[in-house]
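Trainee: fold the following and give me the result.
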Amino acid sequence: MLVRKDHVNPARTTPIAYLRFSTLGLSAFLLLACVVTGLVTPARAQESPYIVAYDHYLEEPGSLDVEYFSTFGTQRDGNDFHAFWTEFEYGATAWWTTEVYLDGQTTFGDSTIFTGFRWENRFRVLRREHFINPVLYIEYENTSGADKILKEVEGHDVESDYADPNAVAKQDHDHELEFKLLLSKTFKGWNVTENTIATKNVTGGNPWEFGYAIGTSRPLSLKASSKRCNFCAENFIAGVEMYGGLGDRHSFGLHETSHYLAPVVAWNLPSDWTIRISPGFGLNDNSHKFLLRRGLSHEFSGFGSAVARMFGGR
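Mentor: Residues are numbered from 1 along each chain as shown. Down below sits the predicted model:
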């Protein structure tokens, strides 16, 4: 069984609003985690540091991973923003992980709004480890044009697309199907992964859009300490990821696309919490200059069986 081993400008004058809305989303996550903790037993797992890229490790069957992520982004010709989302990731089987996202965002000097939901599924093609381990990814997205979590970049997505006020951007509604082919390999502690992305907006005549994400990471130490500790080297996994758009069916390539490079770090605490941080930097003029991503997650083993017991099952 595989366990995964493992975002004058008024925006610059509203730090109190940023902290308030950031704390609100984080507080809701912590409350939910406390409730779930009363039902199931936490599980130790080495979580990947990636925030955009995926490797080939799935959630352990029957386990629930509750995660909170956020992205602070700078915005030229507009207000900076803080987008946030909560994930509920469940290991349905040894070869299938399913996940639900709830998205929201605060644009400084503007408003805070709910921007939609996503339903993600990952399917492991090969049961055992191979030289290359493929995973199929399928996601349905029901979001507004005000969504800014930047979970991936595809097509001709550029910084200026995120400059509209919330009242204008939320009028657009997207129903998208997103497909990814994840190719990943772990060798001597190093993980290398490549994600190819294809997205189709089913609400209009938009063409297929394409993108990519690549990443590599490694624990700071492969040898486990003999004592339980928070700051042991093996608790930290560091790496880097790069992602961007590849145009669409009519204009495939790098023209008028955005791209980012981001170091990533995950801290896997013995208390079963994982903290992630990733400062990202735009690589061309079409990109946001800076994206700061943060994540906090907790995995609960036996969630499926605990729910079954509550309803009289085994």
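
Trainee: of all residues in the chain, which one is nearest the centre?
Mentor: Taking Cα atoms, centre = their mean, the centroid of the chain lies closest to residue 51, which sits 4.4 Å from it.

Trainee: gap between that residue and residue 171?
Mentor: 29 Å (Cβ to Cβ, to the nearest Å). For glycine as for every other residue, the C-beta is placed from the backbone atoms N, C-alpha and C.

Trainee: swap in residue 246?
Mentor: Taking Cβ to Cβ as the measure, residue 246 falls 28 Å from residue 171.

Trainee: residue 276 now?
Mentor: 33 Å.

Trainee: likewise for residue 190?
Mentor: 46 Å.

Trainee: for residue 305, report the pLDDT, please.
Mentor: Per-residue confidence (pLDDT) for residue 305: 78.

Trainee: show me the contacts for the closest residue to it other than its chain neighbours.
Mentor: Distances taken as Cβ to Cβ, 6 or more residues apart in numbering put residue 62 closest to residue 305, at 6.0 Å, once the chain neighbours are dropped. By Cβ atoms under 8 Å, 6 or more residues apart in numbering, the contact list for residue 62 reads 91, 301, 302, 303, 304, 305.

Trainee: next one: residue 219
Mentor: Residues near residue 219 by Cβ under 8 Å, 6+ apart: 46, 189, 233, 234, 236, 237.

Trainee: if we ignore the residues flanking it in sequence, what's nearest it?
Mentor: Residue 219 sits nearest to residue 237 (Cβ to Cβ, 6+ apart), 5.0 Å away.

Trainee: dihedrals phi and psi, residue 290?
Mentor: Per-residue torsions, residue 290: phi -150, psi 130 (degrees, to the nearest 10).

Trainee: hmm, it is touching residue 73, no?
Mentor: Yes. Contact criterion Cβ atoms under 8 Å: residue 290 and residue 73 qualify, at 7.3 Å.

Trainee: those two - which one has more neighbours?
Mentor: residue 73 (25 against 14; other Cβ atoms under 10 Å).

Trainee: dump the residue contacts of the more buried one.
Mentor: Counted by Cβ under 8 Å, 6+ apart, residue 73 has contacts 80, 81, 82, 83, 148, 150, 162, 288, 290, 291, 292.

Trainee: please pick the buried ones from those.
Mentor: By neighbour count, with 16 or more other Cβ atoms under 10 Å, the contacts of residue 73 hold 80, 81, 82, 83, 148, 150, 162, 288, 291, 292 as buried.

Trainee: CSV please, covering these and showing secondary structure.
Mentor: Output for the buried ones among the contacts of residue 73, formatted as CSV (DSSP: H, G, I helix; E, B strand; the rest coil):
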residue, secondary structure
80, coil
81, strand
82, strand
83, strand
148, coil
150, coil
162, helix
288, coil
291, strand
292, strand
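
Trainee: more neighbours, residue 246 and residue 171?
Mentor: Neighbour totals were compared for residue 246 and residue 171, and residue 246 leads with 21 against 11 (other Cβ under 10 Å).

Trainee: thanks again, I'm all set now.
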